[in-house]
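**Q** Have a look at this prediction, sequence included:
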Amino acid sequence: MRTKLFFLLLIMAVFSASAYAKIGVLDFQKVLKESDGGKDVTGKLQAKADEYDKKLSALNEAIKKNQQEYAAKENVANEDYKEKKRAEIQRQIRDFNQNKDDYAKELKRLEMRYLKTIQDDVLKIISSLGQELDTEIILEQNTSGVLYLSPKVDITDVVIQRYNTVFKQQKK
């Protein structure tokens, strides 16, 4: 009985002590959308995606052209021509799909590299800001299951301002 009472008191003490902990919350998605660095990364990724889309469009047009050529000559061409043309079209389709997969992987790799750079910079800012504000814990809003957020504990805008300063200094 004493052991149960001790554990009950211990649990109550832990919860009452943590009720007064200083907490900060950060919305990393907002940092990515609104910071200069996040906008820069978005622009770079979009430019690369547009470049890849142009290349895929050119491959797609070549496939369509070959398919139309095959359809136009299908009734009058000999079997040897038809066989070669079908094989060529199939090869082009495989190349298109391979390039599409390669481009998607490359975009994902670039995105991860860019996000890692931003994340590293933001984590440094959060660490110093947490010490400055005497915050005991800082949570990421979207991944920590935050259901309610008081504006008093949201440090996102401060982090964005400081990250913009760091980003501008890195660009020089």
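**A** Sure thing, it's come through. None of these values were measured; they are calculated from a predicted model.
**Q** contacts, neighbours, all on C-alpha from now
**A** Noted.
**Q** Low-confidence regions, the chain specifically.
**A** The chain contains residues with pLDDT under 70 at 1-21.
**Q** all strands for it, in order.
**A** Here the chain has its strands, by DSSP state E, at 23-26, 137-140.
**Q** Tell me which of these sits most buried.
**A** Of all those, strand 23-26 carries the top mean neighbour count, a mean of 22, counting by mean count of other Cα atoms under 10 Å.
**Q** other SSEs contacting that one?
**A** In terms of contacts (3 or more Cα pairs under 8 Å, 6 or more residues apart in numbering; DSSP states H and E), strand 23-26 is packed against strand 137-140.
**Q** what number of residues lie near residue 112?
**A** 12 (other Cα atoms under 10 Å).
**Q** how close does it sit to residue 70?
**A** 42 Å (Cα to Cα, to the nearest Å).
**Q** do residue 27 as well
**A** Applying Cα to Cα, the value for residue 27 to residue 70 is 55 Å.
**Q** tell me the contacts of the most centrally placed residue in the chain?
**A** The residue lying closest to the centre of the chain (Cα atoms, centre = their mean) is residue 111, at 5.9 Å. Applying Cα atoms under 8 Å, 6 or more residues apart in numbering to residue 111 gives the contacts 41, 45.
**Q** so residue 107 touches residue 44, yeah?
**A** No. The pair residue 107 / residue 44 is not scored as a contact, 10.2 Å apart, by Cα atoms under 8 Å.
**Q** what's the distance between the residue nearest to residue 48 when sequence neighbours are not counted and residue 127?
**A** Nearest non-adjacent residue to residue 48, counting by Cα to Cα, 6 or more residues apart in numbering: residue 107, 7.5 Å away. Distance, residue 107 to residue 127, using Cα to Cα: 30 Å.
**Q** quick one: which of the two has more around it?
**A** residue 107 (17 against 13).
**Q** list the contacts for the more buried one?
**A** Applying Cα under 8 Å, 6+ apart to residue 107 gives the contacts 45, 48, 49.
**Q** Now the buried members of these.
**A** 45, 48, 49 (16 or more other Cα atoms under 10 Å).
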